[in-house]
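*Asks:* next come a sequence and a model predicted from it.
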Amino acid sequence: MKERAGAWKVTSHASFWDEHSREQPGVPLPFSGEFCWAGSHWVVPGVYSTGKALVVDFCRQVDPEAMKRFLRQWGWTEEAGVDQSRDFTPEEAARIEAESPMSFEFRAEAQVNGKMFPLRRSSAVGYLPFPYDGDDMGRRVAEHYGLDLSQGWHIFRCAFPWPRRRQVDSLSLVLKGRKKHLPGQPFSVKAGEQVELPDPATGDRIRLTALALEQLGLDTPALEGWELPSCVWRLTYALEPERPGLTLRDMATGDPPRPRPPADGSWGYIGGEDGPTATFAAAETGAASIGIIGGADGPTAILVRENARPQEHSALSAPRFAPVENVTWLPVFSQPGAADLTVELRRTE
């Protein structure tokens, strides 16, 4: 598939918005390909050589009718678009991510003249053949490559860094699907109680036994001018049968950091007037290693590595400034990704 003429700049940043980058644009290479993978038709219409990386554009075809059905499920209409004022719960956000036809993640390696180069940077845009609240960049890319505009497209730009630009005589791509994460049914539990969790993919029922439920105070890192929430619940539980890849998330988002006046009465901000945008370093409490990734709207993830005994698992609630009486947990089941695929791109000259 040949590119259409027009302004076009590809750099090692793997961004679709590099028009003003000072980096010299990549040189198109005479390679392309088409293949089927993970139930979708894929096109590789553009491969570029830059001084810092090989850059490859992947275009995954998406059924527009399937996307319409999905959008309608979440309140979209052709007349009004999407209600931008709606706030989705963590459960809804997880279901949207799991169920959207536009959701797909993969890893890749490029084999250049027999040598492997891993993927290091990527970005993605989408195109749909009907009005929706989306970025126009997806349409620009689809038109640039002459893709079928009656179809939807999920377009990835991937950079494979190399120490120097080189001649490319042969090129293959090794693709590996990443795990999918399917939300289950939310639940609350007290110490000593049991609850059954149906696997959304198989229907198998997993019995969770709450071994302990305790309140903890996190040793949060210091951030000048800001207070961080530190009250959490820790749930220690066992599963029968064991289910690798099952994790628990707090259904609530927790409390965002809040400003506090320093002792001298002056104020300081990090990351702008809307609140901190720093990533907080991991803190430790007991046997758990806890990292809080935060922003103006509050923590977006809590990562726990617990030195628990065999057959025991732990999960932490979202942090708050004051303890809450009850936590609703969302079980998330990981599923294997698409099988690995090696694609040999053909020369187009």
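*Replies:* Alright, I've got the coordinates.

*Asks:* low-confidence ranges, the stretch 51-200 of the chain, go.
*Replies:* 79-85, 133-135 (pLDDT under 70).

*Asks:* strands along that one, start to end?
*Replies:* Along the stretch 51-200 of the chain, counting by DSSP state E, counting those that start in this stretch, strands occupy 53-62, 106-112, 115-118, 121-127, 152-161, 171-177, 180-183, 194-198.

*Asks:* by how many degrees do the first one and strand 121-127 diverge?
*Replies:* Right, strand 53-62. Between strand 53-62 and strand 121-127, the angle comes out at 30 degrees (axes from the mean of the first three to the mean of the last three CA atoms, to 10 degrees).

*Asks:* strand 53-62: partners in the sheet, and parallel or antiparallel?
*Replies:* Sheet pairing here is set by DSSP bridges, and for strand 53-62 it gives strand 40-49 (antiparallel), strand 152-161 (antiparallel).

*Asks:* most tightly packed of the ones you listed?
*Replies:* strand 152-161 (a mean of 23; mean count of other CB atoms under 10 Å). Using the backbone N, CA and C atoms, a C-beta is placed for each residue, glycine as well.

*Asks:* next, name the residue at the spatial heart of the protein.
*Replies:* The residue lying closest to the centre of the chain (CA atoms, centre = their mean) is Glu105, at 7.8 Å.

*Asks:* now the nearest residue to that residue once chain neighbours are set aside: how far from Thr202?
*Replies:* Counting by CB to CB, 6 or more residues apart in numbering, Glu105 lies nearest to Arg178, which is 4.1 Å off, once chain neighbours are set aside. Distance check for Arg178 against Thr202: by CB to CB, to the nearest Å, it reads 20 Å.

*Asks:* the top strand by length along the chain: what's the following helix or strand?
*Replies:* The longest strand of the chain (DSSP state E) is strand 205-217. Next helix or strand after strand 205-217 toward the C-terminus (DSSP states H and E): strand 226-227.

*Asks:* could I get the average pLDDT for that following strand?
*Replies:* What strand 226-227 shows for mean pLDDT is 89.

*Asks:* quick check: what element follows it along the chain?
*Replies:* Following strand 226-227 toward the C-terminus (DSSP H and E): strand 231-240.

*Asks:* flag every buried residue along that following strand.
*Replies:* Cys231, Val232, Trp233, Arg234, Leu235, Thr236, Tyr237, Ala238, Leu239 (16 or more other CB atoms under 10 Å).

*Asks:* bridged to Ser49, which residues?
*Replies:* Val27, Leu54.

*Asks:* my guess is it meets Arg164, correct?
*Replies:* No. Judged on CB atoms under 8 Å, Ser49 makes no contact with Arg164 at a distance of 10.6 Å.

*Asks:* shared neighbours of those two, anything?
*Replies:* With contacts defined as CB atoms under 8 Å, 6 or more residues apart in numbering, no residue is shared by Ser49 and Arg164.

*Asks:* relative to His41, which of the strands of the stretch 51-200 of the chain is closest?
*Replies:* strand 53-62 (4.3 Å; CB to CB).

*Asks:* what about the closest one, distance to the chain center?
*Replies:* 17 Å (CA atoms, centre = their mean, to the nearest Å).

*Asks:* could I have it exported to PDB, CA atoms only?
*Replies:* Extracted C-alpha coordinates of strand 53-62, given in PDB (Å, rounded to 0.1, in the frame of the first residue of the first chain):
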ATOM      1  CA  ALA A  53      15.500   4.200  15.500                       C
ATOM      2  CA  LEU A  54      13.600   2.100  13.100                       C
ATOM      3  CA  VAL A  55      10.000   3.200  13.100                       C
ATOM      4  CA  VAL A  56       7.000   1.100  12.000                       C
ATOM      5  CA  ASP A  57       3.400   2.000  11.600                       C
ATOM      6  CA  PHE A  58       0.800  -0.800  12.300                       C
ATOM      7  CA  CYS A  59      -2.800  -0.300  11.300                       C
ATOM      8  CA  ARG A  60      -5.400  -2.700  12.900                       C
ATOM      9  CA  GLN A  61      -8.800  -2.800  11.200                       C
ATOM     10  CA  VAL A  62     -11.800  -2.400  13.500                       C
END
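
*Asks:* re earlier: nearest to Thr209, out of the strands of the stretch 51-200 of the chain?
*Replies:* So among those, strand 194-198 is nearest, using CB to CB, at 5.0 Å.

*Asks:* that closest one vs strand 231-240, what angle?
*Replies:* 70 degrees.

*Asks:* helices and strands around strand 194-198, which ones?
*Replies:* Judged by 3 or more CB pairs under 8 Å, 6 or more residues apart in numbering; DSSP states H and E, strand 194-198 is in contact with strand 205-217.
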